[in-house]
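**Student:** build me a structure from this.
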Amino acid sequence: MATYKHRIGLHGVLTLAAALSAASALVGCDDATSSEEGDADDDVTLDADTGADDTRTDDADADPDVRVEPTFTDEVIVARQDAALEDAATGSLAEPSVVFGTIPVDGEYTHALSFQMTPMSPPLLRGDPSPGPLILYSDALDVIVVSPMDHVFEALVWFDNGAIGYGLHGDLESVPAGFEQRWLVVRGHGIGATIAHWGDVMRAAHGRERTDRYADVGVSTLGYWTDNGATYYYETADGLNEADTLLAVSRDARERGIPLGYMQLDSWWYHKEDGFPPGGLLDWSPQPAMFPDGLATFQAELDLPLIVHNRWFGHDNTYRDRYEFVDDTEMSFPVDLGVFGELMDSALDWGVVTYEQDWLMPQLSGVRWLRAGAGRAESWMQAIDTEAAARGLTVQITMPGPAHLLDAASRPATTSARTSIDYRAGVSKESFWPEFHTTNMIAWAMGVLPFKDNFHTSEPYGEAEALVSALSAGMVGIGDAIGASDAEIALRTCRSDGMLLKPDAPAIPIDAMFLPHERPYTTYTHTELAGVGVWTYVAAYHLASAHPDRTFNDRALAIVEYEDPLEQIFIYPADVSDWTVRADDELGVRGDFVVYDWRTGVVTEPGADGELELPRDDSHYGFAYVVLAPVLANGIALIGEPAKFVTMADRRVAGVAVGDSSIEVALRGAPGEVVELLAWDTVGERELRSTATIGADGTATATLGGE
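**Tutor:** So this is what the prediction gives:
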């Protein structure tokens with residue numbers, strides 16, 4: 001085995017194509033710049049002084065409104081297994097079959113973040129073996145990110161005794177001669193910034209753009225879900241079958257003014273192996289008792305597009321007479337991946353727009369054949385994505401492990417990923433919200449929109465659930481019972497035609513959430529209006545392990561859902577006492593701005609040092625939500641649309657013209673929709689309000705100020 005190195009340098013994403021070309025050429029030659037052949041212990045060392053420069057300038061004369069771009073160092077390591085290996089399996093996935101090398105790191109990197117090889121890829125504050133990425137960071141928030149760039153389903157990376165190890169997992173039974181794998185090492189400052197840059201490099205290597213936030217109906221509009229945690233998951237309304245229940249749901253939504261854009265059908269609708277819980281797929285067709293007239297007729301009557309679920313294959317599935325399968329103890333898997341083309345044909349006939357492939361990690365762990373040979377799992381995911389794309393469908397991946405998220409960088413039809421465990425109404429939000437936001441950093445870095453899962457608007461914390469969903473920039477799906485949905489909460493996420501009002505990117509934790517603290521769980525995202533300014537949305541959720549209102553059920557759910565205690569999954573303070581956040585250092589906000597308390601409508605100005613005191617909510621799962629609105633050249637700060645969580649969404653605000661004493665706002669929306677806007681005049685210290693009605697062409701103009 002030989003290991004080769006290629007330094008890309010600062011802002012490496014700009015030169016990645018050339019670097020990869022050079023690295024590939026290096027592998028195939030005997031150039032003296034390569035390391036010695038066969039030296040399996042040839043370590044790769046990255047010195048501390050190659051890390052990123054600070055993302056800010058300390059120059060006192062620097063323009064406070066000009067951001068200094070962060071710097072990063074990137075390194076691609078190309079490893080090759082020269083000789084074929086047989087009987088390579090070690091007996092444990094986490095014990096590598098091949099160790100390509102180790103990367104010693106400085107002692108300052110005392111913190112680790114990895115992602116568990118379990119459904120939804122929850123984070124873990126340890127460097128346990130996984131496909132990656134492995135993230136190390138110091139108290140000063142200097143960061144190293146390491147991951148495979150290809151062959152992600154065969155990869156294993158870990159942190160032990162002050163060194164990063166990387167190689168191939170222990171379930172590989174054979175490794176072909178000449179097997180090559182690229183590894184990426186990124187250094188930078190700031191966890192969120194470095195992960196984002198790592199994602200830029202990874203996507204550039206695979207030629208993938210980030211999924212457009214409005215790429216398909218599911219990610220664009222408010223939807224109704226029937227998956228686990230929703231009211232009609234394996235349940236119906238009294239006296240109705242499944243089809244009539246969902247038609248009643250649709251009628252109820254219209255009557256209540258809730259604009260659904262699609263409906264999701266979960267695992268309950270097709271033929272599966274008997275048992276509790278039900279087993280594998282037997283035939284991916286609707287059960288006649290549920291849909292007597294078939295799924296296409298139901299969809300036509302519903303008059304909404306569908307998102308439909310699929311799971312693993314059962315042993316006695318009806319596809320075995322046409323496609324080759326391999327069997328494992330509890331499930332089967334198609335060696336002939338053409339079966340997915342047949343499934344996509346059916347989906348197209350039924351009015352489906354997105355195919356949801358669930359149980360991904362359970363299939364990877366439940367079918368040894370998938371893990372035993374290089375390239376098998378990758379071919380599986382490629383077949384799903386390719387067959388969907390060929391028919392104009394998109395894909396949602398559900399129960400993904402870390403390798404599935406990394407693999408998504410090569411899957412352009414895969415627009416969304418479930419990055420939260422199955423929803424439970426009104427309980428243990430500490431088991432959902434922090435994990436979701438952390439894993440979102442990886443999903444979005446790979447170009448995929450995250451999905452929080454359905455929620456009930458009518459549950460005790462329905463407003464906070466809706467806020468988390470809206471700020472994710474991904475899907476928003478409700479699952480209330482007929483007659484129970486809170487239309488006001490649902491409409492805070494979207495326009496009157498169901499178009500979601502999103503930030504520019506998913507909300508992520510501030511870096512301080514990854515170090516010991518006594519703060520609410522604080523996340524942020526933004527909207528940028530070119531040439532005008534950036535609006536920052538800050539949400540902070542009161543999660544405290546010793547909160548007196550934390551119930552037995554809250555604690556029990558966390559124990560059931562995770563093998564590790566929550567304190568090993570995110571920094572979970574016993575008490576929350578510090579509600580401050582620093583606009584510059586922690587949010588990247590510079591220049592003049594005002595702080596709009598979304599819940600109370602109060603506008604304040606920050607202190608001279610830019611430190612904000614968030615509105616304190618000491619209730620269990622209470623939350624603060626503020627919008628930081630830039631002060632424009634005429635002294636007016638446009639808050640936007642206060643009735644919506646994302647007040648300045650680009651699907652609502654098309655542009656802003658700044659006058660001497662007024663601003664003119666170009667709006668878009670559904671014809672006839674009434675839009676109220678809010679601004680704050682910092683000179684006159686007064687509110688400015690304006691109301692406009694969207695015209696027949698979907699646009700309107702509103703003016704604030706100028707009196």
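**Student:** any regions of this protein where pLDDT drops low?
**Tutor:** Applying pLDDT under 70 to the chain flags residues 1-69, 707.
**Student:** which strand in it has the most residues?
**Tutor:** strand 179-189 (DSSP state E).
**Student:** can you pull the buried residues of that one?
**Tutor:** Buried residues in strand 179-189, counted by 16 or more other CB atoms under 10 Å: 179, 181-189. (Glycine included, C-beta is placed from N, CA and C.)
**Student:** surely Ala445 meets Ala204?
**Tutor:** No. Checked against CB atoms under 8 Å, the pair Ala445 and Ala204 is beyond contact range at 11.8 Å.
**Student:** looking at the two, which has the bigger crowd around it?
**Tutor:** Ala445 (26 against 18; other CB atoms under 10 Å).
**Student:** which residue comes closest to the more buried one once chain neighbours are left out?
**Tutor:** With CB to CB, 6 or more residues apart in numbering as the criterion, Ala445 has its nearest non-adjacent residue at 2.5 Å, and that residue is Gly199.
**Student:** just the CA atoms of stretch 575-593, as PDB, please.
**Tutor:** Presented in PDB, the C-alpha positions along stretch 575-593 are these (Å, rounded to 0.1, in the frame of the first residue of the first chain):
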ATOM      1  CA  ASP A 575     -29.400  25.100  33.800                       C
ATOM      2  CA  VAL A 576     -29.800  27.900  31.400                       C
ATOM      3  CA  SER A 577     -28.800  31.300  32.800                       C
ATOM      4  CA  ASP A 578     -27.000  33.200  30.000                       C
ATOM      5  CA  TRP A 579     -29.200  34.600  27.200                       C
ATOM      6  CA  THR A 580     -26.600  36.700  25.500                       C
ATOM      7  CA  VAL A 581     -25.200  36.400  22.000                       C
ATOM      8  CA  ARG A 582     -22.500  38.400  20.300                       C
ATOM      9  CA  ALA A 583     -23.600  39.800  17.000                       C
ATOM     10  CA  ASP A 584     -20.100  40.000  15.400                       C
ATOM     11  CA  ASP A 585     -18.200  37.100  16.800                       C
ATOM     12  CA  GLU A 586     -21.000  34.500  16.900                       C
ATOM     13  CA  LEU A 587     -23.400  35.600  14.200                       C
ATOM     14  CA  GLY A 588     -21.100  37.300  11.700                       C
ATOM     15  CA  VAL A 589     -23.300  40.500  11.800                       C
ATOM     16  CA  ARG A 590     -21.500  43.800  11.300                       C
ATOM     17  CA  GLY A 591     -22.700  47.300  10.700                       C
ATOM     18  CA  ASP A 592     -25.700  49.000  12.200                       C
ATOM     19  CA  PHE A 593     -28.800  47.000  12.800                       C
END
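**Student:** if we can go back for a sec, correct me, but the residue nearest to Ala445 touches Asn440?
**Tutor:** No. Taking contacts as CB under 8 Å, Gly199 lies outside contact range of Asn440: 11.5 Å.
**Student:** so for the two, which sits in the more crowded spot?
**Tutor:** Asn440 (28 against 24).
**Student:** any idea how far that one is from Met120?
**Tutor:** Distance of Asn440 to Met120, computed by CB to CB, to the nearest Å: 11 Å.
**Student:** mutual contacts of the two, please.
**Tutor:** Thr419 (CB atoms under 8 Å, 6 or more residues apart in numbering).
**Student:** tell me the one of the buried residues of strand 179-189 nearest Phe159?
**Tutor:** Val185 (12.8 Å; CB to CB).
**Student:** for that closest one, list the residues it contacts.
**Tutor:** Applying CB under 8 Å, 6+ apart, the residues contacting Val185 are 44, 46, 74-77, 103, 144-146.
**Student:** what do you get for Thr419?
**Tutor:** If you count contacts by CB under 8 Å, 6+ apart, then Thr419 has 120-121, 400, 436, 439-440, 443, 450-452 around it.
**Student:** who's in contact with stretch 241-248?
**Tutor:** 224, 226, 232, 236-237, 240, 263, 265, 268-269, 289-293, 298, 301-302, 482.
**Student:** can you mark which positions in that stretch are buried?
**Tutor:** So for stretch 241-248, counting by 16+ other CB under 10 Å, buried means 242-248.
**Student:** then stretch 677-693?
**Tutor:** Result for stretch 677-693 [16+ other CB under 10 Å]: buried residues 677-682, 688, 690, 692.
**Student:** looks like Asn440 contacts Pro509 (just checking).
**Tutor:** No. With contact defined as CB under 8 Å, Asn440 does not count as touching Pro509 (9.1 Å).
**Student:** let's see which of the buried residues of stretch 241-248 end up in helices.
**Tutor:** Applying DSSP state H to those, the entries found in helices are 242-248.
**Student:** alright, calling it a day.
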